[in-house]
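K.L.:
When you get a sec, could you give me coordinates for this:
(one chain, ligands or ions: 1)
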Amino acid sequence: MSVFFSKSRKNRLIHERVHDPYKTTRKPREPSFCPVCNAVFKGGRWQWLDSWPVDSHQEICQACQRIRDGYPAGMLTLRGDFVKTHQTEVLNLVRNQAKGEQTQHPLHRILKVEAWPDTVVASTTDIHLPKRIGEALHRAYKGQLELNYERKNCFIRVNWISTSDEPDKTERSKMKRR
Ligand SMILES: [Zn+2]
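P.N.:
Okay, here's the model as predicted:
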């Protein structure tokens with residue numbers, strides 16, 4: 001059986017103000033740049049810029065801090081026969097989605113990817129990337145997608161389990177109406 005969820009509700013939860021231990025209450029001074037990844041904090045957000053003023057402040061961004069500490073904000077677990085038989089394809093999708101996300105959002109990154117014969121586990125520096133990857137897998141290969149957001153810890157767990165069959169359409173429309 002597939003698990004479906006109300007998209008609007010999950011999105012709202014993610015966008016609520018939450019306690020993130022890596023998010024300081026004060027914003028970095030502008031402009032600041034991260035000496036580890038060279039992301040620049042300007043206009044109220046971290047972004048990729050070709051250059052920044054020489055007198056910019058230095059501040060290690062949250063993504064680099066999490067990578068340094070090995071402290072993920074999200075965990076994505078992929079399991080099932082499809083992961084076993086098409087692991088390269090699955091890993092490529094994970095990497096491509098991560099690349100696309102990181103281009104737009106410098107702090108949304110893969111922290112670590114581990115692969116076993118029928119399981120792939122990826123940890124991320126943010127709570128959005130696992131959802132993006134999970135939804136891309138679900139779009140491309142169906143299967144079961146579960147999102148579990150722990151608001152208190154500002155942590156998201158996304159599980160995707162491949163199935164050979166399409167989800168039952170009657171079941172899907174029934175769940176969506178709730
Ligand atoms: Zn950085």
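K.L.:
Show me the residue at the heart of this protein, geometrically.
P.N.:
Leu129 (1.6 Å; C-alpha atoms, centre = their mean).
K.L.:
Not counting its neighbours along the chain, what's nearest that residue?
P.N.:
Nearest residue to Leu129, sequence neighbours excluded (C-beta to C-beta, 6 or more residues apart in numbering): His108, at 4.8 Å. Every C-beta, even on glycine, is put in place using the N, C-alpha and C of the backbone.
K.L.:
Just the pLDDT at that neighbour, thanks.
P.N.:
Listed pLDDT for His108 reads 97.
K.L.:
avg pLDDT for the lengthiest helix in the chain?
P.N.:
Longest helix of the chain, by residue count under DSSP state H: helix 87-104. Helix 87-104 carries an average pLDDT of 97.
K.L.:
May I see the buried residues of that helix?
P.N.:
Buried residues in helix 87-104, counted by 16 or more other C-beta atoms under 10 Å: 87, 90-91, 93-94, 97-98, 101-102.
K.L.:
Next, the residues that contact that helix from outside, please.
P.N.:
48, 76, 78, 82-83, 108-110, 113, 115, 117, 120, 122, 124, 128-129, 132-133, 136-137, 140 (C-beta atoms under 8 Å, 6 or more residues apart in numbering).
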